[in-house]
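Engineer: Have a look at this prediction, sequence included:
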Amino acid sequence: MKLNFYINNLRINEPNNWEELALELNFDKDSTDAAVGINEWDLGLGGSSTTDGAVLANKHITDGLTSGVGVFEGVPFRIELEQAGAVEDLFKGYLDLTQSTLDCNLVSASSVEQGGVDWLNDVSDSVSYEYLYEETNLLNNSDFVSIPYVINSIPKAGEAFLLTLMAFTTITTIKAEIQQLSEMVVETSNPLSAISGILKIILRVVYIAVLIITVVKLILDAVKLIIQPVKYHKGMYIKDLLTIGCEHFGLTFKSSIFDSAEFKKAVIIPTQNQLPDLQDGLLGFLKPSTAQTGYYNGTFGELLRSMKLMFNAKIILRDNVLTFERKDFNDSTPVYQIPPIERNGYTVNADDLVSNLYLEFATDLNDKNTIQEYDGTTAQITVLPKKTINKDMVLTRGFERLSFPYALGKIKTDFTVPEKIIKTLAKVIDPVVGTLIKIVNTIIKTVNAIIKAIKKLLKALKKVGIKIDFNPDPIKEINYTPIGELIDNRIGMLMLENDFINTPKILLIEEKGDPINTKVKSTNQSTLNSVYLYNNYHYINSFDSQVYGKTNQYKIYKVEGVPFCYDDYIKVKNNNKLYDGEKEGVIDSLSWNIWEQTANITFRINEIYTNNLETKIITSKKGNPYA
């Protein structure tokens, strides 16, 4: 057996401490693949040869002053294993010189496996989504989702009253004008002999049209003040955010969680602190706008960590594919069987028990809906013995708080009191205004026909030398959307207290063509909440065997001097499952001594060792976070 060492694919002299090489495989709960740990390398034999590791490492740093990449990029580092005529890559990664000790003749540097979870943890915070939007082509406006929302605050009553009074006065005036118009039409039976009278009728119609347009505007202004129009915030699907982040690092994103019906349409709306000032004292975007961005305000690493926390998830990096799944996900079957060796007892994983677990979403003090509609924001899970003899000897312990940095988006399910008032008024206003508009549009059609006839007559008179200056444009008909229809469409939309968002919102949406029809999914409240996340993702950490089965109870075994060769290493490197001769287990850590061909292995087997535990879940109460 022989080891060959390479830097930048150039074979180098063996490191000074190469005979101390031992491979440490650590299978923590974040991956089914091993994190390969190798002792820090002492490079350099005191020469100037191109095969001297210290020389190459120092050159890598000094090249950063000229045309090279310098210290902030790893030095490609590889170890080959030659055995029985076959050559295999034992390790492939890079040397991290940012943490190294450097001398002209000696360099001590640690190695990092390429494309592993450790590498991802190191680099995932190096880019923000703002950078991806501003400086790359990976993230652009087409990735944003326009999400309509409604404001449910109550405005000043005095302004609404004045506008309503003005609307009433204007409607009364319109009725009187229409009555006079009807009398004028009756008096003018022959338009060809009474052109002046017809001109008066046309001017009267124009005046009435202006009045109606005014009253419609006044009514709409009143509605704006009382219930405000539907406006839009931009957000992004979580799956798209994670996919784009992976693409930046040359990875493909894969997750059954974000492909599921429950969370495929999960969206994050980032903080919104700068909004345009509209007319009538309103803020926000009244229609989807490219001036607004919807990317996550943070780094790829921050988003990954928050999603791992929410979904009790792990990351598997293999062949440039980032797989995001619940921590107990393992799609492999055991291929390694530990040989029959003596075991000196076992320990239990009692230290993993968390007796008091608290899951909580954030609240947004700028949006009191997140406090008033508090259901689902928090869940407290306690695990305690069902039966005790000596309470002062109870050993269940531990407290963990999982705080998710998002506020739950709240869905509009009913009309507010002001909306109910407007909806009632709409039953009166809409028929009156609708009738007035219908009458005036009928008259407008008649007047336009008369204008056309007069123009034709004047054109004929012009040919015989009679010239009359009369060339009005046709009058446009009035369009009106009933106020009642505008109010009805608000049900099912995102509900906010005001236009600003201080804490990012997370919600499930249902897109339906036109953004105005995009609504919060009906399952949003029942799916996106702390209790649901516990019962579907975090319960696997429970020790309550009566409710959740075997779940998190394990017996842990440590065995030393296990015969272990390169073929065994290949079997377990990307698969932490094993057989112990009778049962299936999971490897926690493995140290392989290459020279002695032995390994020290710590593994666990899922076995129940107590049934004397019970779980209680305390949920948040509506409108009272402290109930």
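Structural biologist: That came through, no problem. Residues are numbered from 1 along each chain as shown.

Engineer: what distance separates the biggest strand by length in the chain from the middle of the whole chain?
Structural biologist: Longest strand in the chain by number of residues (criterion: DSSP state E): strand 86-102. With C-alpha atoms, centre = their mean, to the nearest Å as the basis, strand 86-102 stands 36 Å off its chain's centre.

Engineer: I'd like the numbering to begin with 383 instead of 1 from here.
Structural biologist: Okay, using 383 as the starting number, the last item reads as strand 468-484.

Engineer: Mind checking the pLDDT average for that strand?
Structural biologist: Across strand 468-484, pLDDT averages out at 86.

Engineer: What residues sit buried inside that strand?
Structural biologist: Going by neighbour count (16 or more other C-beta atoms under 10 Å), the buried part of strand 468-484 is 472, 473, 474, 475, 476, 477, 478, 479, 482. (C-beta placed from N, C-alpha, C; glycine too.)

Engineer: what sits up against it?
Structural biologist: By C-beta atoms under 8 Å, 6 or more residues apart in numbering, the list of residues contacting strand 468-484 from outside reads 385-386, 389, 405, 418, 420, 423, 439-440, 442-443, 453-454, 456-463, 489-496, 498, 501, 948, 952.

Engineer: Please list only the buried members of the residues you listed.
Structural biologist: Among the contacts of strand 468-484, those classed as buried by neighbour count (16+ other C-beta under 10 Å) are 385, 389, 405, 418, 420, 423, 439-440, 442-443, 453, 456-463, 489-491, 493-495, 498, 501, 948.

Engineer: still on that earlier bit, show me which of the buried residues of strand 468-484 is closest to residue 520.
Structural biologist: Taking C-beta to C-beta as the measure, residue 520 lies nearest residue 476 of those, at 24.0 Å.

Engineer: if we look at the sheet, which residues does that closest one bridge to?
Structural biologist: Applying DSSP bridges to residue 476 gives these bridge partners: residue 458, residue 494.

Engineer: Distance check, it against residue 488.
Structural biologist: 19 Å (C-beta to C-beta, to the nearest Å).

Engineer: same deal with residue 611?
Structural biologist: Taken as C-beta to C-beta, the span from residue 611 to residue 488 is 71 Å.

Engineer: One more: residue 931?
Structural biologist: In terms of C-beta to C-beta, residue 931 sits 55 Å off from residue 488.

Engineer: Equivalent analysis for residue 746, please.
Structural biologist: 55 Å.

Engineer: These two: who's more crowded?
Structural biologist: Each of residue 746 and residue 488 has its neighbours counted (other C-beta atoms under 10 Å); residue 746 has more, 21 against 17.

Engineer: Flag the shaky bits of the stretch 483-632 of the chain, pLDDT-wise.
Structural biologist: 535-608 (pLDDT under 70).

Engineer: residue ranges for the strands of it, please.
Structural biologist: Per DSSP state E, counting those that start in this stretch, the stretch 483-632 of the chain has strands spanning 489-495, 527-533, 613-619. These are given in chain order.

Engineer: okay, the angle between the first one and strand 468-484?
Structural biologist: Regarding strand 489-495 and strand 468-484, their directions subtend 130 degrees when assessed with axes from the mean of the first three to the mean of the last three C-alpha atoms, to 10 degrees.

Engineer: what packs against strand 489-495?
Structural biologist: On a contact count with 3 or more C-beta pairs under 8 Å, 6 or more residues apart in numbering; DSSP states H and E, strand 489-495 meets strand 423-425, helix 435-444, strand 468-484, helix 499-505.

Engineer: can you put those in TSV and add distance to residue 908?
Structural biologist: Listed next are the helices and strands packed on strand 489-495 as TSV, based on distance: least, C-beta to C-beta, whole Å:
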stretch	distance to residue 908
strand 423-425	54
helix 435-444	55
strand 468-484	45
helix 499-505	33
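
Engineer: For residue 534, which of those is the nearest?
Structural biologist: Counting by C-beta to C-beta, residue 534 lies closest to helix 499-505 out of these; the figure is 42.0 Å.

Engineer: for that closest one, which positions count as buried?
Structural biologist: Result for helix 499-505 [16+ other C-beta under 10 Å]: buried residues 499, 500, 501, 502.

Engineer: between those, which is closest to residue 867?
Structural biologist: Taking C-beta to C-beta as the measure, residue 867 lies nearest residue 502 of the buried residues of helix 499-505, at 50.7 Å.

Engineer: ok now do that closest one, which residues does it touch?
Structural biologist: With C-beta under 8 Å, 6+ apart, residue 502 has these contacts: 631, 697, 699, 704.

Engineer: any idea how far it is from residue 496?
Structural biologist: For residue 502, the distance to residue 496 - C-beta to C-beta - is 11 Å.

Engineer: likewise residue 953?
Structural biologist: The spacing between residue 953 and residue 496, counted by C-beta to C-beta, is 21 Å.

Engineer: swap in residue 746?
Structural biologist: 41 Å.

Engineer: Residue 683 now?
Structural biologist: In terms of C-beta to C-beta, residue 683 sits 18 Å off from residue 496.

Engineer: Okay, helices next: where are they in the protein?
Structural biologist: Secondary structure of the chain (DSSP state H): helices at 435-444, 499-505, 511-517, 539-569, 577-609, 620-630, 682-692, 751-754, 799-845, 865-870, 906-909, 912-915, 927-930, 948-955.

Engineer: From residue 527, how far off is residue 645?
Structural biologist: 15 Å.

Engineer: where does the protein have low pLDDT?
Structural biologist: 410-421, 428-430, 535-608, 661-663, 818, 850-854, 862-863, 868, 1003-1009.

Engineer: Where do the domain boundaries of this protein fall?
Structural biologist: The chain breaks down into these domains under automatic domain parsing: 384-496, 533-612+797-880, 718-730+927-995.

Engineer: how far does the second one stretch from start to finish?
Structural biologist: To tie it back to what came earlier, the one meant is domain 533-612+797-880. 6 Å (C-alpha to C-alpha, to the nearest Å).

Engineer: repeat for the first one
Structural biologist: With C-alpha to C-alpha as the measure, domain 384-496 spans 22 Å from end to end.

Engineer: Run the chain-centre distance for that domain.
Structural biologist: 38 Å.

Engineer: and which of the buried residues of helix 499-505 is nearest residue 861?
Structural biologist: residue 502 (56.0 Å).

Engineer: which residues does the closest residue to residue 399 other than its chain neighbours contact?
Structural biologist: Nearest residue to residue 399 in three dimensions, chain neighbours excluded: residue 424, at 4.9 Å (C-beta to C-beta, 6 or more residues apart in numbering). Residues in contact with residue 424 (C-beta under 8 Å, 6+ apart) are 397, 398, 399, 488, 489, 490.

Engineer: Settle this for me: residue 493 is touching residue 459, isn't it.
Structural biologist: Yes: using C-beta atoms under 8 Å, residue 493 is in contact with residue 459, at 5.4 Å.

Engineer: And the closest residue to residue 443 other than its chain neighbours, how close does it get to residue 474?
Structural biologist: Setting aside the residues directly before and after it, residue 443 is nearest to residue 453 in space (C-beta to C-beta, 6+ apart), at 5.0 Å. Computed as C-beta to C-beta, the residue 453 to residue 474 distance reads 21 Å.

Engineer: if I read this right, residue 902 contacts residue 795, doesn't it?
Structural biologist: No: using C-beta under 8 Å, residue 902 is not in contact with residue 795; the gap is 9.6 Å.

Engineer: Overlap of the contact sets of the two?
Structural biologist: By C-beta under 8 Å, 6+ apart, the residues touching both residue 902 and residue 795 are residue 874.

Engineer: Show me which of these two is the more surrounded one.
Structural biologist: Each of residue 902 and residue 795 has its neighbours counted (other C-beta under 10 Å); residue 902 has more, 26 against 12.
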